[in-house]
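A.B. asks: below are the sequence and a predicted model; questions follow.
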Amino acid sequence: MSDAYGAGIGQAVGQFVRGNADSSALYDAANISPEDMGALFAAGRQREERQAFEDRLAELRAARGAPLGYTQQRRVAGRYVPRQTYYEQDFLGYVNNLDVDDQAALARAMYAQGLYGRSADIADIMDPALMVDALQGAVYQARDYAQFFEDSRMIPTLQHRFAGYEDMTDEEILAEFIRRGGGGGGGGGGRVVRLPDPAALRDTLEAASSQVLGRTATDAEKRMFVEGINAAVRAGESVDVGARAGVFAREQAPVEAGAMDLKNAGNLVLRALGLG
């Protein structure tokens with residue numbers, strides 16, 4: 001498109017918006033056919049409709065809160081249930097529907113993972129104010145984690161992050177609490193978290209990207225990976241960095257990963273035939 005042509009369109013649209021030009025003036029000013037001008041206005045309507053849709057989607061997302069995780073596709077009663085986003089509103093409904101036993105199990109699990117604080121007493125875990133703080137902390141950690149990883153590891157329920165804790169004895173809960181840095185004296189303000197070496201994390205992602213995608217990781221991908229691992233570590237999760245790097249690389253570029261899978265499969269066939 002020439003500069004004069006673009007300027008003509010800009011002038012025509014400007015006149016249209018201001019409402020001080022008839023259709024013939026629009027065509028003349030832009031040096032454009034009535035058909036092309038109609039297409040231009042149709043595109044404008046499409047943009048308005050798309051913007052209205054995005055605005056409505058933003059409203060719905062705001063009502064549901066931020067994502068806390070993503071459930072994986074699974075097979076239920078012979079049918080596949082697609083991956084779904086788990087929102088803050090879903091978690092509120094989950095907590096609201098817990099019976100007393102499950103509330104206690106959730107509280108004990110959050111205590112074991114340090115969400116009540118480093119010097120908390122297990123006898124106080126059902127204190128309403130303390131439990132609300134712990135629940136909010138779990139939500140914050142899940143929200144941070146979900147910005148970087150598309151899985152369900154940090155969804156703060158007994159089916160995901162806290163799975164298995166409902167069967168633990170008080171002694172096992174206390175042992176887990178201490179293992180994660182709890183049990184110190186008062187006034188410490190929380191456990192000390194030692195984050196992994198960022199250079200080592202970047203190198204790990206570089207190796208995974210080369211293997212999974214056949215290319216180096218971008219600076220943005222490296223930054224997101226380091227921040228995501230740090231979020232998981234702060235939340236007290238035991239992280240397999242190597243495995244997580246492979247998953248992360250595949251999530252960033254699934255098409256590239258698929259192409260690399262095909263290439264690797266082809267190489268295996270060639271080697272099996274003695275041609276590789």
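C.D. replies: Yep, that arrived.
A.B. asks: give me every residue that touches residue 241.
C.D. replies: Neighbouring residues of residue 241 by Cβ atoms under 8 Å, 6 or more residues apart in numbering: 196, 201, 204, 229. For the C-beta atoms, the positions are set from N, CA and C on the backbone; glycine is no exception.
A.B. asks: tell me the phi and psi of residue 86?
C.D. replies: Dihedral pair for residue 86: phi -100, psi 110, per degrees, to the nearest 10.
A.B. asks: quick one, strands of the stretch 1-150 of the chain?
C.D. replies: Taking DSSP state E, counting those that start in this stretch, the strands of the stretch 1-150 of the chain run over residues 67-71, 74-76, 79-81, 84-87.
A.B. asks: pick out the shakiest of the ones you listed, pLDDT-wise.
C.D. replies: Mean pLDDT is lowest for strand 74-76 out of those, coming in at a mean of 68.
A.B. asks: tell me which of the strands of the stretch 1-150 of the chain lies nearest to residue 210.
C.D. replies: strand 67-71 (25.9 Å; Cβ to Cβ).
A.B. asks: who's in contact with that closest one?
C.D. replies: Contacting residues not belonging to strand 67-71 are listed as 83-88, 90-91, 139, 142-143, 145-146, 150-156, 160 [Cβ under 8 Å, 6+ apart].
A.B. asks: the strands of the stretch 1-150 of the chain into CSV, with extra columns for mean neighbour count?
C.D. replies: Output for those, formatted as CSV (neighbours: other Cβ atoms under 10 Å):
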stretch, mean neighbour count
strand 67-71, 21
strand 74-76, 8
strand 79-81, 9
strand 84-87, 18
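A.B. asks: mind putting these into TSV with distance to residue 128?
C.D. replies: As requested, the strands of the stretch 1-150 of the chain are exported to TSV (distance: least, Cβ to Cβ, whole Å):
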stretch	distance to residue 128
strand 67-71	22
strand 74-76	35
strand 79-81	35
strand 84-87	24
